[in-house]
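> need a structure here:
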Amino acid sequence: MSDHSDISGMTDQKYSVIFQPHNKTIEVNAGENLIRAAMEAGVHINASCGGEGVCGKCRIILEKGELEGGTDKLSNEDREKGYYLACLSKIRSDVVVRVPVESNVDSSVLNIAASPRHTAKIKQVRLDTLKEQGMLIPPVEKKYLELPVPTTQDNLADVTRLLNFLKITHDEHRLVVDLNVIREIPDILRKDDFKVTATIVRPVREDGKNQIVNLEPGDTTDRNFAVAMDIGTTTIYGEVLDLNSGEILSQYGDFNGQISYGEDVISRIMFAEKEGGLLTLQKKVVETINKVLEKIIKRANIKKEEITTITLAGNSTMTQLLLAINPGYIRRAPYVPASILYPPFSASEIGINLGHHAIALLYPGVSSYVGGDIVAGVMGSGMYQTEKLTLFMDIGTNAEIVIGNKDWMACTACSAGPAFEGGGITFGMRAAKGAIEDFSIDPVTYEPMIVTKGSVRPKGICGSGLITIVAVLFENGLINNRGKFNQDLKTDRIREKEGIWEYVLVWKDATQIDRDITITEPDIDNLIRAKGAMYSGAMTLLEEVGLSITDIEQIILAGGFGSYVDLAKAMTIGLLPETPPEKVIYLGNGSLLGAKMSSFTNLLRRNVGEVVKMMTNFELSETPSYMDHYVSALFLPHTEMNYFPKLQERMNARKSG
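Purely as a prediction, here's the structure:
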């Protein structure tokens with residue numbers, strides 16, 4: 001490689017970068033980092049380590065030009081094929097780079113309804129029950145009025161006329177009027193001969209003020225719509241709701257644009273603390289929200305001006321980033337969020353592309369790591385109303401756990417790491433087309449049978465597939481309870497490469513990526529650590545409240561990930577306690593469910609504050625017994641096999657057979 005010291009000193013030197021297959025071009029300064037150039041160009045390249053080159057996810061192929069660095073952590077074979085790691089590569093000329101399939105992001109799978117692969121019950125939301133109970137009272141309502149036309153004898157101010165007749169005809173009291181409405185009221189009243197529809201936002205507290213946020217000419221009471229939205233670390237989902245009928249008119253999900261700046265909350269917080277980082281992340285999440293809004297509004301065949309409210313739920317970090325609030329103190333002891341409660345505000349105030357009258361309602365959180373998404377799940381699932389002692393688990397990078405019932409609740413969060421979403425795994429990927437999601441093995445030849453999402457050639461392993469693979473390898477004796485391969489088995493699929501033992505899932509000729517897809521001992525170790533964090537978090541929480549796993553009457557699994565997990569396999573590796581399937585309820589996206597329920601009924605919204613008060617938070621880092629439980633869980637399935645009697649029976653039967 002030639003000496004570029006003369007170029008690096010020229011601050012005005014510019015180079016063009018073309019990203020294929022996106023055909024996007026951007027001009028950058030000499031020496032710019034390639035991953036940053038991709039971010040500026042709006043090209044997503046998987047990168048989960050924050051730019052340290054340790055995850056190996058941001059592989060690109062240099063087709064033309066010159067890059068500096070980016071190859072030190074790759075194999076000789078990859079270097080010969082022209083691969084570079086984008087996060088370690090500096091641009092030293094005009095370049096053309098290709099983003100291969102394994103480094104790209106595919107959002108199409110997000111909008112395919114999950115088909116649960118287990119016998120757990122599916123939680124159904126019965127909106128007709130809400131109607132029967134008289135609870136379908138949304139936080140935003142529309143009221144139609146036919147006001148008398150002013151005369152010289154009746155020349156009340158327009159606002160006074162409006163308020164008086166809302167009291168007389170609709171028994172509306174404690175009313176306040178937005179300044180925007182006051183600005184518009186003279187013209188709107190006279191557009192349709194003083195026939196108007198007022199949009200009223202109900203308060204959370206029963207003794208609060210009813211706020212008039214919009215006024216429309218004519219009768220538009222049949223056009224009252226809301227949006228429910230889950231602001232996830234990885235994905236953002238939205239739904240358009242008809243507040244009159246209780247119907248869901250459309251839905252859509254996309255990857256959170258912030259993932260280019262880190263795949264977990266800690267990486268995002270660290271980026272937010274850099275100069276300009278907070279506003280960059282706020283802009284990215286709002287861009288994704290607006291993209292989702294555009295899709296669902298078009299699909300619902302409505303106008304954005306007809307949306308009166310948007311209810312959002314997200315974890316504490318996502319909420320603060322959405323509002324451009326410094327999240328730095330969330331990750332530092334004593335782990336303090338800026339707030340757990342947020343007042344209603346105009347959605348357009350933070351850049352959300354809705355009318356000025358559309359009110360944003362944010363779910364409150366409990367602590368730095370138990371946020372509004374978990375509170376929404378607790379509310380949506382009805383856990384806060386049941387007498388059954390319930391274990392609520394939201395499985396993900398930052399796994400949250402709630403235990404309790406209608407009388408009390410305890411909650412905690414544990415950092416499980418990114419393994420459940422394919423992070424930290426050599427060939428890990430999100431659940432997109434080509435991801436290995438199911439796996440079985442011939443117990444004699446050790447040859448695999450692979451099923452991928454979309455039934456296409458494999459290109460990696462998603463989180464649910466990883467759990468299944470490890471469970472099958474363990475039950476068939478290919479790995480021991482520490483996740484180490486049995487090196488004595490007669491199969492060429494178990495091999496040592498560069499000092500690491502691995503099992504070849506797919507030979508390169510049958511993949512999309514021209515490489516053998518393998519699962520390695522470090523991959524298995526990462527999964528064991530992730531599942532150990534989840535299991536030990538639940539055990540610690542139970543112990544802290546004086547209970548054991550046998551006291552649990554039902555388990556609620558929340559999060560999109562749960563829909564793809566094979567329950568039996570999750571129990572085999574010790575991710576979940578061994579429990580009869582009939583005691584397990586799959587909730588799906590609990591965050592979105594809670595947001596939806598609050599959009600339909602203000603009574604639920606009023607209960608949220610009381611529920612938050614009854615949720616006692618435990619910081620696992622400050623709980624001495626957690627580390628003991630964690631160390632005990634760093635085995636398959638656990639050091640205490642008596643916790644998993646059915647698995648022990650199967651293992652014994654296999655050995656005797």
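
> tally of neighbours for the residue lying closest to Val201 once chain neighbours are set aside?
Closest residue in space to Val201, ignoring its immediate chain neighbours: Gln211 at 4.4 Å, by Cβ to Cβ, 6 or more residues apart in numbering. (C-beta placed from N, C-alpha, C; glycine too.) Using other Cβ atoms under 10 Å, Gln211 has 19 neighbouring residues.

> same question for Leu88.
Leu88: 21 surrounding residues under other Cβ under 10 Å.

> likewise Thr233?
By other Cβ under 10 Å, the residues close to Thr233 number 24.

> now Leu241: how far from Asn29?
Remark: distance between Leu241 and Asn29 (Cβ to Cβ, to the nearest Å) = 47 Å.

> which of the two has more neighbours?
For Leu241 versus Asn29, neighbours defined as other Cβ under 10 Å are more numerous around Leu241 (28 against 14).

> local confidence estimate at Asp12?
What the model reports as pLDDT for Asp12 is 70.

> I'd assumed it was in a helix, is it?
No - counting by DSSP: H, G, I helix; E, B strand; the rest coil, Asp12 is not part of a helix but coil.

> count the residues that sit near it.
By other Cβ under 10 Å, the residues close to Asp12 number 6.

> wait, what's in contact with the closest residue to Leu354 other than its chain neighbours?
The shortest distance from Leu354 to any non-neighbouring residue, by Cβ to Cβ, 6+ apart, is to Ala347 (4.7 Å). Contact analysis of Ala347 by Cβ atoms under 8 Å, 6 or more residues apart in numbering lists 310, 354, 358-360.

> tell me the one of these nearest Lys484?
Among the contacts of Ala347, Ile310 lies closest to Lys484 (Cβ to Cβ), at 50.2 Å.

> ok, now how distant is the closest one from Glu146?
Counting by Cβ to Cβ, the gap from Ile310 to Glu146 is 30 Å.

> and these two? which has more neighbours close in?
Taking other Cβ under 10 Å, Ile310 and Glu146 do not tie; Ile310 has more neighbours (22 against 12).

> beta partners for the more buried one?
Bridge pairing for Ile310 (DSSP bridges) gives the partners Val227, Ala360.

> likewise Tyr237?
Asp230, Gly253.

> and for it, the neighbour number?
Residues lying near Tyr237 (other Cβ under 10 Å) number 22.

> how about the most centrally placed residue in the chain, nearest residue that isn't a chain neighbour?
Centroid check for the chain by Cα atoms, centre = their mean gives Gly232 as the closest residue, at 2.9 Å. Residue nearest to Gly232 in three dimensions, not counting chain neighbours: Asn256, with 6.3 Å by Cβ to Cβ, 6+ apart.

> ok, that neighbour touching Thr288?
Yes - contact criterion Cβ atoms under 8 Å: Asn256 and Thr288 qualify, at 5.5 Å.

> who has more neighbours, these two?
Taking neighbours as other Cβ under 10 Å, Asn256 and Thr288 compare with Asn256 leading, 25 against 20.

> for that one, give me its contacts.
If you count contacts by Cβ under 8 Å, 6+ apart, Asn256 has them with 231-236, 284-285, 288, 318.

> how is the protein partitioned into domains?
As assigned by automatic domain parsing, the chain contains the domains 8-103, 139-217, 225-362, 375-416+528-656, 419-522.

> what stretches of the stretch 151-300 of the chain score poorly on pLDDT?
Judged by pLDDT under 70, the stretch 151-300 of the chain has no weakly predicted residues.

> who are the packing partners of the helix or strand that Lys646 is a member of?
Per DSSP states H and E: Lys646 is located in helix 645-656. Helices and strands touching helix 645-656, by 3 or more Cβ pairs under 8 Å, 6 or more residues apart in numbering; DSSP states H and E, are helix 463-475.

> quick check: mean pLDDT across the helix or strand following the helix it packs on?
Remark: after helix 463-475, the chain's next helix or strand is strand 494-497, criterion DSSP H and E. Strand 494-497 carries an average pLDDT of 95.

> just give me how far the helix or strand just after strand 494-497 sits from the chain centre.
Scanning forward in sequence from strand 494-497 by DSSP H and E, the next helix or strand is strand 500-506. Chain-centre distance of strand 500-506: 30 Å, with Cα atoms, centre = their mean, to the nearest Å.

> okay, the angle between strand 500-506 and helix 463-475?
110 degrees (axes from the mean of the first three to the mean of the last three Cα atoms, to 10 degrees).
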